[in-house]
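> fold the following for me, if possible:
(2 chains)
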Amino acid sequence: MNIGFLIDALITVVGVTTPILLAATGELVVEKSGVLNLGIEGMMLIGAVTGFAVTLSYGPDFGDLAPWLGVLAAAIAGAASSMLFAFLVLTLGSNQVATGLALAIFGIGLSSLIGSGYVGMIVPSFDSVFPDWLASDPIWRVVFGYSPLVYFALLMVFAVGWFLNRTRAGLILRAVGENDLSAHSIGYPVIAIRYAAVAFGGALAGVGGAYFSMVITPLWAEQMTAGRGWIALALVVFSGWRAGRLLAGAYFFGVLMTLELYAKASGFSFLPSQFWAAMPYIAAVLALAVISAREVAGSEAPACLGRPFLPNS
Amino acid sequence: MRTITRRHAMKTAAAAGLTLPALARGGLAAEPLKVGFVYLGAIGDYGWTWSHEQGRRALDQALKGQVITSYVENVKEDASAIPVMKDLAQQGNKLIFTASYGYMDQTLEAAKAFPDVKWEHCTGYKRAANVGTYNSRFYQGRAITGAIAGMMTKTNTIGFVGSFKIPEVVMGVNGFTLGAQSANPKITTKLVMIDTWFDPAKEAAAAETLANLGCDVIAQHVDSPAVLQVCEKRKIYGFGYGADMSRFAPKAHLTASLDLWGPYYIERAKAVLDGSWKSDDVWWGFKEGLLSMAPYSKAVPENVRAAADKIVADTKAGTYDVFTGPISDQSGKERVAKGQQMDDKDRLVMDWYVKGVQS
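Modelled structure (predicted):
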């Protein structure tokens, strides 16, 4: 077990964790504002196909800039698809769970439809952010050798944590999620704030999806996120709606998933292979059990999570 | 103008009705056979489903006018497949191919409901009077890619990203390992089963893990080119699965074993058309044209090409079979005696790995 081996393993862990971290960070903001958006998987896929398609189409014209355009397009597409959910849930007051699931299914289908013409194509990936001598250095690549989206994800987690806990705007968002009626009586635009939060969540989910089709495997294949959206959802709950714990939880999941592969590749199959694959989900259930056992009459969830806000009823 | 009375209208209608059979006779005689296909994935996956789709198109071409084919993509391998299959039968398809192992029980159930439809289940082993099974000797292709891997590895460690521990995949792992050992007895195969047919990110992570653990040639039994992309990035070698995937990894992709389902689909459609179809258990390979190899990449040296070509030729002639003893399993116990060829029925239930596979 030398340092090179550890570095390689760590790089794999980061690659596995980043898309989940992006989607979960977005969902954290959404849930803190009181909305439960289960459609992460759909938004991620829409982001993935949009990012891929835009990068492919503008590649010849923009060269190195094309992937950045692609990511921007993925964010916009993710936000746009979340707006459909937001309209149904915030303006029309429909059931959030059902609408979120519908968005997930819709996203899977729409992305497959859009993507059907893009199967079998490849796109160029991002240039590394740091100069080559750092990014390719055998030791320092563990810090400097990643795609820009990795650093963006880390930046976002810290930014969201700081925003929620240290800014007035974040306080207002949390207030909307804890007690929407009080916030409304004080005069804050509850629905507008929730719209903004949902859009932000959609944008980050879109970028998380783009990570699949542009960084991990620069290709498009139907349903290529393979359920990571659901893991992101579990992660938000697992983290107790705290950004710091979200970061730790995401990497914990990433380590578990990578550990599964290393265990299998090294011949440690004393546990059935399916058990290893189920590990992240089992860990989530265990964590939730521990968290809820410790809380008194309720949980750390935002008090208004999942409840429609209809001030005139 | 004469008033059209009801009696007159009825007389005219009856007269018109009597002429219909004369008109119809010509059409009925040449009614094309409707053939349906149930696909696991998307036809654009450039792998498993794509090659079945190529087979369907070959059928369309070869028997143009005599068959009308249709397909359903992305059918999950659970109970939801049954309504899809029944629906195809209700649409008039008289020959239906269900192209994945996980459709086994569903095909049988749909077949019970539609006894006059002929069903063919790919890579399964349960049959009925109107259900046949068909399979391809994928392990023949594995033996060849294995031999190439054995000759080209520098670390004597080769990798395999698999899906589920079912006989088809196990045969592939064993065929790959035995083929490599025949060229290079020192190799070890590191195996990772990812418990899914398709998950590009997980396939990529598995390939990265294998590369980190020292593998410099990686084969796969999963449905996306993700593994090859990782091989390209890490500057190691890999093989395409079921289709030529060189566009995704121009330097890493050495060759691929190609699944060619066309010949089988054409033969079966003809059998239904001339009434000779009966439930059978078909297991074809290179000899019958169900498998072939993709062109070798520039990285494959001349001596390796020659050796691989020889194995292909011997396989076609029937003089070479990778499951010829002596073969021992991972615990060292001998499973196939020296000089013996493993029985087909033992291959189809293979659930043990050969010595040299680290699983």
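
> identify the residue spatially nearest to the residue in the stretch 1-150 of chain A positioned nearest to chain B, adjacent ones excluded.
The stretch 1-150 of chain A approaches chain B most closely through A:V119 (3.0 Å), counting by Cβ to the nearest Cβ. (Glycine included, C-beta is placed from N, CA and C.) Distance criterion Cβ to Cβ, 6 or more residues apart in numbering or on different chains; nearest residue to A:V119, sequence neighbours excluded, is B:G44 at 3.0 Å.

> equivalent analysis for A:A102, please.
A:G39 (7.4 Å).

> pull the contacting residues for the one you found.
Counting by Cβ atoms under 8 Å, 6 or more residues apart in numbering or on different chains, A:G39 makes contact with A:S81, A:S82, A:F85, A:T99, A:G100, A:L101, A:A102, A:L103, A:A104, A:F106, A:G107, A:G229.

> could you rerun that using 7 Å?
A:F85, A:G100, A:L103, A:A104, A:G107 (Cβ atoms under 7 Å, 6 or more residues apart in numbering or on different chains).

> count of neighbours near the third one?
Counted with other Cβ atoms under 10 Å in any protein chain shown, the neighbours of A:L103 add up to 26.

> pLDDT score for it?
Looking at A:L103, its pLDDT is 96.

> and it, which of the three is it?
helix (DSSP: H, G, I helix; E, B strand; the rest coil).

> wait, it sits on A:M44?
No. With contact defined as Cβ atoms under 7 Å, A:L103 does not reach A:M44; the gap is 11.1 Å.

> shouldn't the residue of the stretch 1-150 of chain A closest to chain B be within a helix?
No. Applying three-state DSSP, one finds A:V119 to be coil, outside a helix.

> related to what we said a few turns ago, the contacts of A:G39: which two are farthest apart?
For the contacts of A:G39, the farthest-apart pair by Cβ to Cβ is A:G100 and A:G107; their separation is 10.6 Å.

> quick one: distance of stretch B:55-69 to the chain centre.
18 Å (Cα atoms, centre = their mean, to the nearest Å).

> and the contacts of it?
Looking at what lies outside stretch B:55-69 - Cβ under 7 Å, 6+ apart - the contacts are B:32-35, B:37, B:71, B:260-262, B:265-266, B:269, B:273.

> selection in ChimeraX covering whichever of those residues are buried, please.
Here is the ChimeraX command that selects only those of those that count as buried (16 or more other Cβ atoms under 10 Å in any protein chain shown):
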select /B:33,34,35,37,71,260,261,262,265,266,269,273
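
> so how many other residues sit close to residue 250?
Since no chain was named, I'll use chain A. 28.

> sorry, I should have been clearer: chain B.
Using other Cβ under 10 Å, B:P250 has 12 neighbouring residues.

> repeat for the one 3 residues further on
Other residues near B:H253 number 24, with proximity taken as other Cβ under 10 Å.

> same question, A:G93
Neighbours of A:G93 (other Cβ under 10 Å): 12.

> quick one: low-confidence ranges for the stretch 101-250 of chain B?
Nowhere does the stretch 101-250 of chain B drop to pLDDT under 70.

> which stretches of it form helices?
B:104-113, B:138-152, B:167-183, B:200-212, B:226-234 (DSSP state H, counting those that start in this stretch).

> mind putting the ones you listed into TSV with distance to chain A?
As requested, those are exported to TSV (distance: least, Cβ to the nearest Cβ, whole Å):
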stretch	distance to chain A
helix B:104-113	19
helix B:138-152	16
helix B:167-183	12
helix B:200-212	4
helix B:226-234	4
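
> dump these into CSV; add mean neighbour count as well.
Below are the helices of the stretch 101-250 of chain B laid out as CSV (neighbours: other Cβ atoms under 10 Å in any protein chain shown):
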stretch, mean neighbour count
helix B:104-113, 19
helix B:138-152, 26
helix B:167-183, 24
helix B:200-212, 26
helix B:226-234, 25
